[in-house]
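J.: I would like to see how this sequence folds:
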Amino acid sequence: MTVLSERVSQSAFDGSRLRVVLLLDLHEGAQEQFLQAYEQMRIQVASVPGHVSDQLCQSIENPSQWLITSEWETAPPFLAWVNSEEHVQMVQPLHSCVRNTRSLRYSVLRETGNTAGGVATAPVRGGLQAAPRLGDGVVRHALTFTVKPGTEDVVAKILSGYESPEARVDENTRLRRTSLFMHGNRVVRAVEVEGDLLAALRHVSQQPEIRAVEEALNPYLEQDRDLADANSARTFFTRAALPMVHHESAGRYAPSDVRRHALFYQAKDGCGTALARLLAGQDEAVADDPTTPVAGSTIFQRDDVVVRVVDVAGPVDARPGQVLGIDGPRKAHVLARLLDGGADGVPTTEEGAAGFLERSRMTPITDRSASDRPPRRP
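T.: Numbers count the residues shown, from 1 in each chain. This next block holds a predicted model:
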């Protein structure tokens with residue numbers, strides 16, 4: 001069944017400047033400690049490639065509330081930095097003086113400044129977003145972590161056997177979908193939220209059924225964590241974050257007509273962003289093809305790990321090149337230069353794409369939508 005709806009496109013690769021807004025609520029008496037930590041952070045951030053400027057602001061209504069804004073030439077260098085181990089270590093001193101934080105990220109669409117005849121004359125670094133994008137009210141995010149080799153079956157059982165948490169977070173936020181996949185000993189959990197992602201993640205973390213799952217996973221994780229220790233838990237989930245960098249959906253198919261798949265791509269050192277950008281460009285082109293079985297695609301990337309969650313109508317191997325994001329031999333050769341392992345196993349024909357698709361596909365563990373949430377056990 002085909003449904004008519006407007007195309008949805010979200011991307012970190014449109015070349016526009018990025019404005020990052022960080023809201024902070026300080027503990028009482030922590031102002032001087034915070035200012036010292038910020039000064040060190042400011043000096044370090046100034047040398048990060050792609051960083052343009054930043055500002056530190058204090059509320060005139062509540063002096064415990066602060067605002068840090070920063071501007072970046074484009075989104076990819078910011079995402080690379082904010083997800084780096086350097087950033088994890090750099091923000092550690094802030095944790096003890098900040099009660100609560102919230103990070104917001106925006107592409108710059110319009111601006112005013114020093115003008116002559118209505119045209120900005122001051123030099124700017126980076127461009128403006130060409131036109132407003134059409135969203136669907138959904139925030140997409142993922143987490144990834146690895147488990148000890150040999151424990152994959154046990155972990156899959158833990159991740160598939162829990163009861164879904166309550167979908168409604170508050171009057172503005174709702175859990176829409178959670179999809180879990182594994183590839184070898186790597187786990188990927190992709191979530192879709194209507195409303196406030198941070199509120200949804202906090203809601204989920206407080207649910208007894210989810211806390212029980214997380215505690216059950218602890219012995220099998222390659223990275224140790226203590227969920228009772230706020231700093232340990234924060235560090236683990238910061239390192240596990242797998243941000244969305246691109247989403248494309250043409251709205252041609254009803255949800256009941258598609259099935260969700262996930263594909264794993266390991267890039268060469270330093271090539272993760274280039275690989276994600278290549279796949280994003282392909283997904284944009286595929287969305288214009290009225291015959292494509294790809295109903296939608298979401299690309300997540302952190303460092304050199306790239307994951308595509310793809311909704312496909314019909315058999316997944318009917319158009320393997322489009323499902324893989326390497327439709328055609330030219331793109332396959334480019335992909336070969338970006339993947340860890342080079343050209344080994346990268347197909348340049350439709351027939352070869354089927355084998356590569358099978359090797360790249362992640363094993364589905366569970367895929368739950370709010371509408372099919374099972375009733376709680378008494």
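J.: What strand or helix carries V310?
T.: strand 305-313 (DSSP states H and E).
J.: Give me the residues contacting the helix or strand following that strand.
T.: Past strand 305-313, further along toward the C-terminus, the next helix or strand under DSSP H and E is helix 320-324. With Cβ atoms under 8 Å, 6 or more residues apart in numbering as the contact definition, helix 320-324 has outside contacts at 261, 263, 282, 286, 289, 292-294, 310, 312, 316-317, 327-328, 332, 350, 353-354, 356-357, 360. For glycine as for every other residue, the C-beta is placed from the backbone atoms N, C-alpha and C.
J.: In PDB, please show the C-alpha coordinates belonging to the strand holding V310.
T.: Extracted as PDB, the C-alpha positions of strand 305-313 are listed here (Å, rounded to 0.1, in the frame of the first residue of the first chain):
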ATOM      1  CA  VAL A 305      31.700   3.200  13.300                       C
ATOM      2  CA  VAL A 306      28.800   3.800  10.900                       C
ATOM      3  CA  VAL A 307      25.400   2.100  11.200                       C
ATOM      4  CA  ARG A 308      22.400   2.500   8.800                       C
ATOM      5  CA  VAL A 309      19.000   1.600   9.900                       C
ATOM      6  CA  VAL A 310      16.900   1.000   6.800                       C
ATOM      7  CA  ASP A 311      13.200   0.400   6.400                       C
ATOM      8  CA  VAL A 312      12.600  -1.800   3.300                       C
ATOM      9  CA  ALA A 313       9.400  -2.800   1.500                       C
END
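J.: circling back to that earlier point, identify those among the contacts of helix 320-324 that sit within strands.
T.: Assignment to strands by DSSP state E places the following of the contacts of helix 320-324 there: H261, L263, V294, V310, V312.
J.: one step back: check the offset of the strand holding V310 from the chain's centre.
T.: Shown here is strand 305-313, whose average C-alpha point lies 12 Å from the average C-alpha point of the whole chain (Cα atoms, centre = their mean, to the nearest Å).
J.: packing partners for it?
T.: Helices and strands touching strand 305-313, as assessed by 3 or more Cβ pairs under 8 Å, 6 or more residues apart in numbering; DSSP states H and E, comprise strand 138-146, strand 186-194, strand 241-249, strand 258-266, helix 272-287, strand 294-302.
J.: if you set the cut-off to 6 Å instead, what comes out?
T.: Secondary structure elements in contact with strand 305-313, counted by 3 or more Cβ pairs under 6 Å, 6 or more residues apart in numbering; DSSP states H and E, are strand 258-266, helix 272-287, strand 294-302.
J.: Let me know which of these is tucked in deepest.
T.: strand 294-302 (a mean of 26; mean count of other Cβ atoms under 10 Å).
J.: What's the mean pLDDT across it?
T.: Regarding strand 294-302, the rounded mean pLDDT is 95.
J.: distance of T151 from H261?
T.: Spatial separation of T151 from H261 under the definition Cβ to Cβ, to the nearest Å is 24 Å.
J.: Strands along the stretch 1-150 of the chain, start to end?
T.: Assigned by DSSP state E, counting those that start in this stretch, the stretch 1-150 of the chain shows strands spanning 8-11, 18-26, 51-58, 65-72, 98-107, 115-116, 119-120, 138-146.
J.: will you turn those into CSV that also has mean pLDDT and mean neighbour count?
T.: Formatted as CSV, the entries for the strands of the stretch 1-150 of the chain read as follows, by pLDDT from 0 to 100; neighbours: other Cβ atoms under 10 Å:
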stretch, mean pLDDT, mean neighbour count
strand 8-11, 90, 20
strand 18-26, 96, 18
strand 51-58, 96, 14
strand 65-72, 97, 18
strand 98-107, 92, 14
strand 115-116, 50, 8
strand 119-120, 52, 10
strand 138-146, 96, 19
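J.: Which residues outside stretch 176-194 are in contact with it?
T.: Contacts of stretch 176-194 from elsewhere in the structure, counted by Cβ atoms under 6 Å, 6 or more residues apart in numbering, are 137-147, 149, 152, 159, 174, 200, 260, 262, 264, 307, 309, 362-370.
J.: Ramachandran angles for the residue lying closest to S16 once chain neighbours are set aside?
T.: Closest residue to S16 apart from its sequence neighbours, by Cβ to Cβ, 6 or more residues apart in numbering: Q129 at 3.9 Å. Note on Q129: backbone dihedrals following degrees, to the nearest 10 are phi -60, psi 130.
J.: in terms of contact, does Q129 touch R110 like I think?
T.: No - with contacts defined as Cβ atoms under 6 Å, Q129 does not count as touching R110, sitting 8.5 Å away.
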